[in-house]
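> Let's see this in three dimensions:
(2 chains)
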Amino acid sequence: MATSQSIIAPEAIAPAARGGARLTELPAPGEGRWTNGLFVLPFLVVYLLLLVIPLVYGWWLSLHDADLLSGTREFVGLGNYVELWRDPIFLGTVRNTFVFVVMTTPAFVILGLALALALNRPGRLAAALRATFFGASVLSVTVVTLVWRLVMMPDLGLFANLWRKLGGGPVQPLSIEGVSLAVVAVVTIWWIIGFPMMLFLAGLQQIPAELYEAAALDNAGRWRTFVAITLPSLRRTVALVIAIEVVLQFQLFGQAWLLTLGGPNNSSRPIVQFIYEKGFREWRLGYSAAAAQVLFALMLLGVAVQMWIVRRREAA
Amino acid sequence: MSALPSALSGGLGRRLILLAVVLLAVIWMSPLLWVFAASWKPNAVLMVRTDHLLSPPFTLKNYQNLVGTSSLLRWIANSAIVSLGQTALVLVLASLAGYGFARTRFPGKRWVFGFVLAGLAVPEQAILIPLHHLFAGLALHNTYTALILPRLAAPFGVYLMTQYFRAIPRELEEAALLDSASRPKIFLRIILPLSLPAQATLAIFTFLTAWNDYLWPLVSATRPEMYTLTVGLASTQTNFAQSEGIGFLMAQAVFAGLPIFIVYLFFQKYIVAAVSGTTVG
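Here you go, the predicted structure:
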């Protein structure tokens, strides 16, 4: 496998050396350049077969009325997209998903930052607390939802116990329209708050200590230091956390599906559940694929808007 | 709490904040602790009340039922096979491709790299239906192959490894090239050992993602013996009311969370470093 060469041809090194900065890509003597592509080839094959082709196939499917149950497959152009636009259930899932993103993302930023600020200190207690808040995020969505369904059990759950102690009557938050989606949001925040907290902690660690020393010399109070130094230094981290959370929370599925089945009355049904139900319960592949493309577009749009805001702020 | 008013400056303020965070941590842990405590109580007691969990009677029955009647062990084994297999293959593919992109030259490299990075934007839902259809056409559903393969195409690992390889000092490689070592030899002997921290990060990310994956296994594995832990556990939740009892569900939640929690306790430092975007040297 290892073919060693006895002679170094100087002219093989020279062109690369002339490039100066391009030295990184120094070709070995007598080495056919195209063979370097072999390093990339295995991944590229997998990438083409399992991502690129399915993506294109998904676009193609979304332009067809492809129904597995009736066995139909005919080209309908943008028909599926028009139908989505008129489908109140789909529009409801889009609204629910937006509401969910709007409920969770600020919480991830504010609570994540607050926890990071409070726990950005040495010592065992702080380390244990960091581990506590992060711990839940290694659990899978099904363990998390099972735990919370038990907590939310009518009459016997932890929540019902506490609610009774506070003098409340029988209540089932998961079956109240308008509340169930909020519960899904709370469970999601409970589940993965550790992730933004860790990103903020990493961001805080990167702020140069000299900045704080300078502030101390200026006798700046803690609040002023926070506003003048900490927050501006964390701008990139805030942008990163928002981008990650928007993309992640747009993909809400497991928590809603397993906690509420999207109910009551579709009030907590997210877009991905719509995709899942149309594709794998009703087997309307084309319609489901079209809904998936809308989700994809919405996510791209969300990130684009966010990047535009960040750019504008930085330019200002 | 995010506001640190200057009135609360000095040691007292810091201690108050810490106290508040400790209280919050207790609230945060309470669902898990409550489920854990309840899992040791007889079902007959739990059907009546679920406070006073710390006083007897206690029982092992819930866990005995679990091992005796459910497929949880099988599902844990499936999840382990899928997660480990996926992690190993991602490491191989991403390391090779990362090295190719970071350190070698071949025709069209920049174009190919951009083409691969564009894939970072594609969410799994956008390819869910077509991927499922393709695997159905190949009669691959309900196999480990189908559970492992799709995520291998995610470009994140390639991106991560490319970034890491770019940061390795090129002098190390040049010396080897002058010694007429071949590319594969340089890769295996010099570059790969230096990239272990990045490999660890990528391995942790891939493993956690695979272990907790829900959507793809849900649509691909339809036979109970091929369920991963997430899908299997979810399948027992759908008939929540008619289940074998609250105690059983409590024990199931604990048991299903345990493997990954043990992994977390052992690799906590590395997992935290991995998600923070830094690597432990």
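
> what helix or strand does residue 197 sit in?
Using chain A here. Element membership for A:Met197, per DSSP states H and E: helix A:194-205.

> try chain B instead
Here B:Pro197, judged by DSSP H and E, is contained in helix B:196-212.

> Tell me how far B:Val35 lies from B:Ala251.
For B:Val35, the distance to B:Ala251 (C-beta to C-beta, to the nearest Å) stands at 9 Å. The way it works is simple: take the backbone N, C-alpha and C, and place the C-beta from them, glycine included.

> typo on my end, it should be B:Tyr63
Taking C-beta to C-beta, one finds B:Tyr63 at 5 Å from B:Ala251.

> what's the overlap in contacts for the two?
Common contacts of B:Tyr63 and B:Ala251, defined by C-beta atoms under 8 Å, 6 or more residues apart in numbering or on different chains, comprise B:Ser39.

> So between these two, which is more surrounded?
Set B:Tyr63 next to B:Ala251 and count neighbours by other C-beta atoms under 10 Å in any protein chain shown: B:Ala251 wins out with 29 against 18.

> OK, contacts around that one?
Neighbour list for B:Ala251: B:Ser39, B:Asn62, B:Tyr63, B:Asn65, B:Leu66 [criterion: C-beta under 8 Å, 6+ apart].

> what does whichever strand or helix holds A:Tyr81 contact?
Per DSSP H and E, A:Tyr81 falls inside helix A:79-86. For helix A:79-86, the external contacting residues (C-beta under 8 Å, 6+ apart) are A:Ser62, A:Leu63, A:His64, A:Asp65, A:Phe90, A:Leu91, A:Gly286, A:Tyr287, A:Ala289, A:Ala290, A:Ala291, A:Val294.

> Got a quick ChimeraX command for the buried subset of those?
Of the contacts of helix A:79-86, the buried ones go into a single ChimeraX selection, burial set by 16 or more other C-beta atoms under 10 Å in any protein chain shown:
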select /A:62,63,64,65,90,286,287,289,290,291,294
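
> Quick one: mark the members of the contacts of helix A:79-86 that sit in helices.
Residues of the contacts of helix A:79-86 located in helices (DSSP state H): A:Ser62, A:Phe90, A:Leu91, A:Gly286, A:Tyr287, A:Ala289, A:Ala290, A:Ala291, A:Val294.

> which residues are in contact with the strand or helix carrying A:Trp148?
In this assignment (DSSP H and E), A:Trp148 forms part of helix A:141-151. Identification of contacts with helix A:141-151 by C-beta under 8 Å, 6+ apart yields A:136, A:157-159, A:174, A:183, A:187, A:190-191, A:254-255, A:258-259, B:31-32, B:34-35, B:38, B:212, B:214, B:229-231, B:233-234, B:237, B:240, B:246, B:249-250, B:252-253, B:256-257.

> Which SSE is immediately downstream of that helix?
Next in line after helix A:141-151, if elements are assigned by DSSP H and E, sits helix A:158-165.

> Is there proximity between that following helix and chain B?
Yes: judged by C-beta under 8 Å from any C-beta of the partner chain, helix A:158-165 comes into contact with chain B at A:Leu158, A:Asn161.

> buried stuff in that helix?
For helix A:158-165, burial by neighbour count (16+ other C-beta under 10 Å) applies to A:Leu158, A:Phe159, A:Ala160, A:Asn161, A:Trp163.

> Please verify my assumption that the second one contacts A:Pro173.
Yes: in terms of C-beta atoms under 8 Å, A:Phe159 counts as a neighbour of A:Pro173; the distance is 7.2 Å.

> between the two, what contacts are shared?
Contact with both A:Phe159 and A:Pro173 is made by residues A:Met152, according to C-beta under 8 Å, 6+ apart.

> just to revisit the earlier point, what sits up against the helix holding A:Met197?
A:108-109, A:111-113, A:115-117, A:119-120, A:130, A:133-137, A:230, A:233-234, A:236-237, A:240-241, A:244-245, B:272, B:275-278.

> Now, of the residues you listed, which are buried?
A:108-109, A:111-113, A:115-117, A:119-120, A:130, A:133-137, A:230, A:234, A:237, A:240-241, A:244-245, B:272, B:275-276.

> ranges for the strands of chain A?
A:64-67, A:72-75 (DSSP state E).

> for the helix or strand harbouring B:Leu84, packing partners?
Element membership of B:Leu84, judged by DSSP H and E, is helix B:72-103. Packing partners of helix B:72-103 (3 or more C-beta pairs under 8 Å, 6 or more residues apart in numbering or on different chains; DSSP states H and E): helix A:37-47, helix B:109-118, helix B:144-148, helix B:156-167, helix B:196-212, helix B:229-237, helix B:246-275.

> Next, the angle helix B:229-237 makes with that helix.
Calculated by axes from the mean of the first three to the mean of the last three C-alpha atoms, to 10 degrees, helix B:72-103 forms an angle of 140 degrees with helix B:229-237.

> what mean pLDDT does helix B:72-103 have?
Helix B:72-103 shows a mean pLDDT of 95.

> rewinding a little: now a PyMOL select for only the buried ones of the contacts of helix A:141-151.
The buried subset of those, as determined by 16+ other C-beta under 10 Å, is captured in PyMOL by this line:
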select buried, (chain A and resi 136+157+158+159+174+183+187+190+191+254+255+258+259) or (chain B and resi 31+32+34+35+38+212+214+229+230+231+233+234+237+246+249+250+252+253+256+257)
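
> can you list the weak-confidence ranges in the stretch 201-316 of chain A?
Scanning the stretch 201-316 of chain A for pLDDT under 70 picks out the ranges A:316.

> Please give me every residue in contact with the residue nearest to B:Phe205 when sequence neighbours are not counted.
With C-beta to C-beta, 6 or more residues apart in numbering or on different chains as the criterion, B:Phe205 has its nearest non-adjacent residue at 5.8 Å, and that residue is B:Ala274. For B:Ala274, the contact set (C-beta under 8 Å, 6+ apart) comprises B:Ala200, B:Thr201, B:Ile204, B:Phe205.

> Would you write a ChimeraX line that selects the buried entries of these?
A single ChimeraX command selects the buried members of the contacts of B:Ala274 (16+ other C-beta under 10 Å):
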select /B:200,201,204,205
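
> Tell me the one of the contacts of B:Ala274 nearest chain A?
B:Ile204 (10.0 Å; C-beta to the nearest C-beta).

> I'd guessed B:Arg103 sits against B:Ile190; true?
No: using C-beta under 8 Å, B:Arg103 is not in contact with B:Ile190, being 10.4 Å away.

> Pick out whichever of these two has more residues nearby.
Legend: neighbour count by other C-beta under 10 Å for B:Arg103 and B:Ile190, higher for B:Arg103 (22 against 16).
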